[in-house]
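Chemist: Sequence plus the predicted model coming up.
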Amino acid sequence: MASIELKSVEKWFGEAQVIKGVDLVIEEGEFVIFVGPSGCGKSTLLRMIAGLEETSRGQILIGGRDATAEPPARRGLAMVFQSYALYPHMSVRDNMGFSLKAAGVPKPEMDAKVDEAARVLKLEPLLDRRPKDLSGGQRQRVAIGRSIVRDPTAFLFDEPLSNLDAALRVEMRYEIAKLHQSLKSTMIYVTHDQVEAMTLADRIVVLEAGRVSQVGSPRELYERPGNLFVAQFIGSPKMNVFAVATDGLRVGGLPGEADSFGIRPEHIALVAPGEGHMDGTVDVLEYLGADTYVIVDCGDAGKLTVRAQGDTGMRPGAAVGLRFEDGQTHLFDKAGLAIR
């Protein structure tokens, strides 16, 4: 287990710069998740830490050691890929122990490490099966087990759940969370799924176009986004954002530098027209059982999403008022930076 530090890290592909001066410290035992839209550089950054991509400029320190120019095998890291990359002709036991066998580890020691990893991942009944006899979730657990037996300095996960169906993703999120609690290892995890990020991470690193947009705990990013990009990327449904100069907005005392106004769907109450901070017309209702998402057409402000509990009983075309919860509004300046 070790800390990982990135100092002014850059990555260039010819004339194209894809990682633009990233500075980041990941503490020992921390679970850090890289999130961002496609093409933001999150997988490239992970591969640079692993040594699978060359670092164009800057430094990568692992446990205080400069590992920038070291090959992957020297870094002591274990990587779990999106594809399971299991040997189809080998049993689960042989797949998990292959790297130890290749390194010349004595068989009794190898078997002990495989048995312990199988116990942690609940793979003990499957050790004699081959990959074709396993479900997707079981195969991913084998791939993780193959990493555990190496006792790595840190674990790197590159979208490990993206090939699984919704139910298996939920199951594997739980397994990975329990694994981190058990091993207390440093983990870096890449995903485009913010639910994975919010439920698993100690800290989230939000990347935008090769730069770090904001770093913080899930709660910090959700409740205090530092800019418009993070405000609208973190949260589902995303934050409602519109211009403070919008006609019909009845909110006083806004600072002069405020350009955009933000409010999350769960912080809006549906009231009678004229009784809230804005009026609109119900456009679409999305009933989800415990919640209903009410899409309200508010004219110049656009369509705002309101998260209401249960069935609202409303119908499209109904006139409504929207009341914003005190202390839950967000303001951004012309550059998109949070000012409150």
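Modeler: Yep, that arrived. Computed from a predicted structure; not experimentally measured.

Chemist: Now for residue 109, how many residues are close by?
Modeler: Counted by other Cβ atoms under 10 Å, the residues lying close to residue 109 total 10. C-betas here are computed from N, CA, C, even on glycine.

Chemist: If you count neighbours, what's buried in the helix or strand hosting it?
Modeler: Residue 109 is part of helix 107-120 when elements are defined by DSSP states H and E. Neighbour counts over helix 107-120 (16 or more other Cβ atoms under 10 Å) mark 110, 113-115, 117-118, 120 as buried.

Chemist: Also stretch 80-87?
Modeler: Buried residues in stretch 80-87 (16+ other Cβ under 10 Å): 80, 82, 84, 86.

Chemist: neighbouring contacts of it?
Modeler: 94-95, 98, 131, 139-140, 142-144, 146-147, 155-160, 162-163 (Cβ atoms under 8 Å, 6 or more residues apart in numbering).

Chemist: Can you select the buried ones from these in ChimeraX?
Modeler: To isolate the buried subset of the contacts of stretch 80-87 in ChimeraX, counting by 16+ other Cβ under 10 Å, use the following:
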select :94,95,98,131,139,140,142,143,144,146,147,155,156,157,158,159,160
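
Chemist: Which of the helices or strands spans the residue nearest to the spatial centre of the chain?
Modeler: With distances taken as Cα atoms, centre = their mean, residue 197 lies nearest the centre of the chain, 3.0 Å away. Per DSSP H and E, residue 197 falls inside helix 194-200.

Chemist: In terms of secondary structure, what does that helix contact?
Modeler: Where contact means 3 or more Cβ pairs under 8 Å, 6 or more residues apart in numbering; DSSP states H and E, helix 194-200 is packed against strand 31-35, helix 166-183, helix 218-223.

Chemist: Okay, buried residues for that helix please.
Modeler: Result for helix 194-200 [16+ other Cβ under 10 Å]: buried residues 194, 196-198, 200.

Chemist: For it, what is the distance to the chain centroid?
Modeler: Relative to its parent chain, helix 194-200 has a centroid offset of 5 Å by Cα atoms, centre = their mean, to the nearest Å.

Chemist: now swap in stretch 29-39 and tell me
Modeler: The answer for stretch 29-39 is 5 Å, by Cα atoms, centre = their mean.

Chemist: Format the CA atom coordinates belonging to that stretch as CSV.
Modeler: Extracted in CSV, the C-alpha atoms of stretch 29-39 (Å, rounded to 0.1, in the frame of the first residue of the first chain):
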residue,chain,number,x,y,z
GLY,A,29,-5.5,3.4,1.4
GLU,A,30,-7.6,5.9,-0.4
PHE,A,31,-10.3,5.0,-2.9
VAL,A,32,-10.2,7.7,-5.6
ILE,A,33,-12.4,7.7,-8.7
PHE,A,34,-11.7,9.5,-12.0
VAL,A,35,-15.0,10.6,-13.7
GLY,A,36,-15.8,12.7,-16.7
PRO,A,37,-17.4,12.6,-20.2
SER,A,38,-15.9,10.4,-23.0
GLY,A,39,-12.7,11.8,-24.3
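
Chemist: For the remainder of this discussion, apply numbering that starts at 28.
Modeler: Let's use 28 as the start, then, which means that last one is stretch 56-66.

Chemist: Identify the residues contacting that stretch?
Modeler: Residues contacting stretch 56-66 (Cβ under 8 Å, 6+ apart): 28, 53, 69, 72-73, 207, 211-221, 223-224, 227-236, 240, 260.

Chemist: Ok, stretch 238-246 next?
Modeler: 47-51, 63, 224-226, 228-234, 248, 251-254, 256-257.

Chemist: Next: stretch 46-54.
Modeler: 30-38, 59, 68, 71-72, 75, 83, 85, 181, 213, 215, 232, 236-239, 242.

Chemist: Next step: these restricted to helices.
Modeler: 71-72, 75 (DSSP state H).

Chemist: Surely the residue nearest to the centre of the chain and residue 234 touch.
Modeler: No: contact criterion Cβ atoms under 8 Å: residue 224 and residue 234 do not qualify, at 11.5 Å.

Chemist: Give me the average confidence score over stretch 190-210.
Modeler: The predicted model assigns stretch 190-210 a mean pLDDT of 84.

Chemist: now that stretch, how far from the chain's geometric center?
Modeler: Worked out by Cα atoms, centre = their mean, stretch 190-210 lies 13 Å from the chain centre.

Chemist: what's next to it, contact-wise?
Modeler: Under Cβ under 8 Å, 6+ apart, the answer for stretch 190-210 is 58, 109-110, 147-148, 162-164, 167-168, 171, 175, 184, 187-188, 214, 216, 220, 222-223, 226-227.

Chemist: Ok, stretch 271-289 next?
Modeler: So stretch 271-289 is in contact with 255, 258, 266-270, 303-306, 325-328, 351, 356-361, 363, 366-367, going by Cβ under 8 Å, 6+ apart.

Chemist: Which of those residues fall in helices?
Modeler: 255, 258.

Chemist: Now a PyMOL select for only the buried ones of the contacts of stretch 271-289.
Modeler: The following PyMOL line selects those of these that are buried, judged by 16+ other Cβ under 10 Å:
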select buried, resi 255+258+266+267+268+269+303+304+305+306+325+328+351+356+357+358+359+360+363
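
Chemist: In strands, which of the contacts of stretch 271-289 fall?
Modeler: 267-270, 305-306, 351, 356-359 (DSSP state E).
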